[in-house]
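# Make a model of this:
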Amino acid sequence: MKYEELKQIIKDMEESKLESLEIEFPDGTRISMTNGDVSVGVHGVEPGRPMAAPLQNIETNVVENVAPPTPEKNEPEDLKIIKSPMVGTFYASSTPDKPPYVKVGDTVKKGDTLCIIEAMKLMNEIESEFDGEIVEICVKNENMVEYGMPIFKIR
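I've put the predicted structure just below:
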């Protein structure tokens, strides 16, 4: 994990109302953050004083490569994998009554919409990172996907 990515996660934690956060990435990296200074009260709050203390004392534990990364199956070298950029629900089309954006055998160009991943009630269009032909769709419609999970294979 790069320093800038970690810095952004910490910043997002500071700006949220979360008391704790744990993230485990497919490569074995684990991040655990807790805010040791959270207190919320309704009674006796002075006017002009926030009800929750600011997230200043965040403890962060990062463990790199807890387990050795699992090698990819012996995929052909010309096969490119598009992985899920987030956790959410995979949708092959924009609505249930419309055809899927792509199917096996379709040719796509970089930037073409491949699917939608719904995360926290937001619909995120996932675009192709490569030009090529769809050789496998690794997820079934309306199934959950994890961060880093392969969703398409392109040749």
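
# neighbours around Met149, how many?
Using other C-beta atoms under 10 Å, Met149 has 17 other residues around it. In this view, the C-beta of every residue, glycine as well, is placed from N, C-alpha and C.

# tell me the contacts of the closest residue to it other than its chain neighbours?
Residue nearest to Met149 in three dimensions, not counting chain neighbours: Ser84, with 4.7 Å by C-beta to C-beta, 6 or more residues apart in numbering. Residues near Ser84 by C-beta atoms under 8 Å, 6 or more residues apart in numbering: 90, 117, 126, 145-151.

# now do Thr107
132-134.

# So which of those belong to helices?
Nothing among the contacts of Thr107 maps onto helices, per DSSP state H.

# coming back round to it: of the contacts of Ser84, keep whichever come out buried.
90, 117, 126, 145, 149-151 (16 or more other C-beta atoms under 10 Å).

# doesn't Gly148 make contact with Pro26?
Yes. At 3.8 Å, Pro26 and Gly148 qualify as touching, with contact defined as C-beta atoms under 8 Å.

# What's the local residue count around Ser128?
So Ser128, with other C-beta under 10 Å, has 20 neighbours.

# for the one 4 residues further on, same thing?
Number of residues near Gly132 (other C-beta under 10 Å) recorded here: 19.
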